[in-house]
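Can you look at this prediction? I've put the sequence above it.
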Amino acid sequence: MNPYDESAPATPTGPPAAGGRIVGGAADGEDQAVEAALRPKDLGEFVGQERVREQLDLVLRAARARGGVADHVLLSGAPGLGKTTLSMIIAAEMGAPIRITSGPAIQHAGDLAAILSSLTEGEVLFLDEIHRMSRPAEEMLYMAMEDFRVDVVVGKGPGATAIPLELPPFTLVGATTRAGLLPPPLRDRFGFTGHMEFYAPAELERVVHRSARLLDVGIAGEGAAEIAGRSRGTPRIANRLLRRVRDYAQVKADGVVTREIAAQALDVYEVDGRGLDRLDRAVLTALLKLFAGGPVGLSTLAVAVGEERETVEEVAEPFLVREGLLARTPRGRVATPAAWQHLGLVPPPQAVPGGGRQGLFEG
Ligand SMILES: Nc1ncnc2c1ncn2[C@@H]1O[C@H](COP(=O)(O)OP(=O)(O)OP(=O)(O)O)[C@@H](O)[C@H]1O
């Protein structure tokens, strides 16, 4: 195919990209409904993340041996990698109840004080998106984490008084997609920090097999491998793709997920062999076909695919960069040799990988 062919069909533009993406990392309504059934219940069932699992196992065993509560735990990593699941496992392994809330839900220090003061001894408090808590709540949390105490301010102005309130010892499990955004005083108060990595295909295959068993879906080894390879390193996406493939297998075949059935089903949902969806491919296609692989400015690229700048930058690009298909350079976006290869196109002779060529199309 000639990359300069102007008669090529117009680059397809995706639906509103961030919401409802089958390959999106964040949970949608259906995910929430079925995830409870698919969550591993203990560390032994939790697939992958060997390092974090091993370290956490030590932290929890030691706490149990001491008969005390576990140190506060910070889990960082992209959405859908298992932070909530791991927090529930921590509670289960400690034989403790768990309370789940999130940073954006705690806008006032009083909201946090209400939660903290109602915890029972040893309870696990899971605080998702901890980097999005309000500043006053964050400051209250410092003292609560360190001294199991908060000062509740009663009244306003000169007459305001701080009433100290003792808290039962508890374990805070904070989760964040961006550990770098946490203020150091907060980060330092966690006894253990685990960074969750994207999963290897073989690990995702195990996740798919396990979920298929729980959902009572017949699946061949190669069927699981096909789904795993398109799941962008993320168990949540693997589970979601499995559900869509199961539908297809039931409607179009005998219900068993083979490699062919998985591939056909995911082609219908426009998730390609490497996990790129329609938006990802639209961005890449425009970059290659319209701008000869770049460099091209983000705004120009966004106009070319009919999307908002932010959608291209925040929704499509991170995965393309991670996959080594696109590079962000000071002079604009540049396709890598792997991008040409993935779309089956031949780079023009003067295109130098890494953006060494004078940009004709910068926006
Ligand atoms: N290591 C794992 N083994 C098996 N299944 C997993 C694993 N990690 C996650 N899952 C599955 O993936 C789904 C999403 O996991 P979870 O909700 O824990 O992700 P998360 O990191 O908390 O996401 P978010 O940041 O959006 O809250 C769950 O249904 C869980 O069953």
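That came through, no problem. Numbers count the residues shown, from 1 in each chain.

Neighbours of E310, how many?
The burial metric for E310, expressed as a neighbour count using other CB atoms under 10 Å, is 12. C-beta here means a position set from N, CA and C on the backbone, and glycine is covered the same way.

what does M143 give?
The burial metric for M143, expressed as a neighbour count using other CB under 10 Å, is 15.

Same check on A78?
Around A78 sit 20 other residues, with neighbours defined as other CB under 10 Å.

So it versus R322, what's the distance?
The spacing between A78 and R322, counted by CB to CB, to the nearest Å, is 10 Å.

Mutual contacts of those two, please.
F198 (CB atoms under 8 Å, 6 or more residues apart in numbering).

Give the phi and psi angles for the residue in the chain positioned nearest to the ligand, as a check.
Nearest to the ligand in the chain, going by CB to the nearest ligand atom, is G82, at a distance of 2.6 Å. According to degrees, to the nearest 10, the main-chain angles of G82 amount to phi 110, psi 20.

middle-most residue in the chain, spatially?
P79 (1.9 Å; CA atoms, centre = their mean).

That residue reaches R178, doesn't it?
No. With contact taken as CB atoms under 8 Å, P79 and R178 are classed as non-touching, separated by 11.2 Å.

quick one: contacts for M145?
Taking CB under 8 Å, 6+ apart, one finds 72, 172, 189-190 in contact with M145.

which residues touch R39?
By CB under 8 Å, 6+ apart, the contact list for R39 reads 84-85, 88.

what separates it from S231, distance-wise?
R39 is 17 Å from S231, by CB to CB.

tell me the contacts of the spatially closest residue to E121 that is not a sequence neighbour?
Spatial nearest neighbour of E121, excluding adjacent residues (CB to CB, 6 or more residues apart in numbering): P168 at 4.0 Å. Shown here is P168, whose contacts under the criterion CB under 8 Å, 6+ apart are 119-123, 148.

Let me see the contact set for L288.
Taking CB under 8 Å, 6+ apart, one finds 3, 335, 339-340, 343, 345, 347 in contact with L288.

go on, E205?
The neighbours of E205, taking CB under 8 Å, 6+ apart as the test, are 221, 224-225, 228.

Please flag which of these sit within helices.
When helices are assigned by DSSP state H, the members of the contacts of E205 inside them are 221, 224-225, 228.

interface residues of this structure facing the ligand?
If contact is defined as CB under 6 Å from any ligand atom, the residues of the chain in contact with the ligand are 26-27, 35, 38-40, 46-49, 79-85, 128, 207, 235-236, 239.

G273: which of the contacts of P168 is nearest?
Distance from G273 was checked for each of the contacts of P168 by CB to CB. The minimum falls on E123, at 45.1 Å.

and the helix or strand encompassing L125, average pLDDT?
Element membership for L125, per DSSP states H and E: strand 124-128. Averaged across strand 124-128, the pLDDT comes to 97.

what residues does it touch?
Strand 124-128 is touched from outside by 83-84, 87-88, 90-91, 94, 96-103, 106, 115-116, 119, 133, 170-175, with contacts defined as CB under 8 Å, 6+ apart.

Pull out the buried positions in that strand.
Of the residues in strand 124-128, those buried by neighbour count under the rule 16 or more other CB atoms under 10 Å are 124-128.

In its sheet, which strands sit next to that strand, and in what direction?
Strand pairing for strand 124-128, using DSSP bridges, gives strand 98-102 (parallel), strand 171-176 (parallel).

out of those, deepest packed?
For the strands paired with strand 124-128, ranked by mean neighbour count under the definition mean count of other CB atoms under 10 Å, the leader is strand 171-176 at a mean of 26.

mind checking which helix or strand R240 is in?
Per DSSP H and E: helix 235-252 holds R240.

Tell me the buried residues in that helix?
235-246, 248-249.

the strands in the stretch 151-300 of the chain, which residues?
According to DSSP state E, counting those that start in this stretch, the stretch 151-300 of the chain carries its strands in the segments 161-166, 171-176, 192-195.

Can you flag the weakest of those by average pLDDT?
Between the strands of the stretch 151-300 of the chain, the one with the least mean pLDDT is strand 161-166; it has a mean of 90.

tell me which strands and helices that strand is in contact with?
Other helices and strands packing on strand 161-166, by 3 or more CB pairs under 8 Å, 6 or more residues apart in numbering; DSSP states H and E, are strand 149-154.

CA atoms only for the helix or strand containing D111 - export them in CSV, please.
D111 is part of helix 109-117 when elements are defined by DSSP H and E. This file holds the C-alpha atoms of helix 109-117, laid out as CSV (Å, rounded to 0.1, in the frame of the first residue of the first chain):
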residue,chain,number,x,y,z
ALA,A,109,-11.6,17.0,56.6
GLY,A,110,-14.8,16.3,58.4
ASP,A,111,-15.7,13.6,55.8
LEU,A,112,-12.5,11.9,56.7
ALA,A,113,-12.9,12.3,60.4
ALA,A,114,-16.3,10.7,60.2
ILE,A,115,-14.8,7.6,58.4
LEU,A,116,-11.8,7.3,60.6
SER,A,117,-13.7,7.6,63.9
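
any idea of the angle it forms with strand 171-176?
Note on geometry: by axes from the mean of the first three to the mean of the last three CA atoms, to 10 degrees, helix 109-117 and strand 171-176 are set 140 degrees apart in direction.
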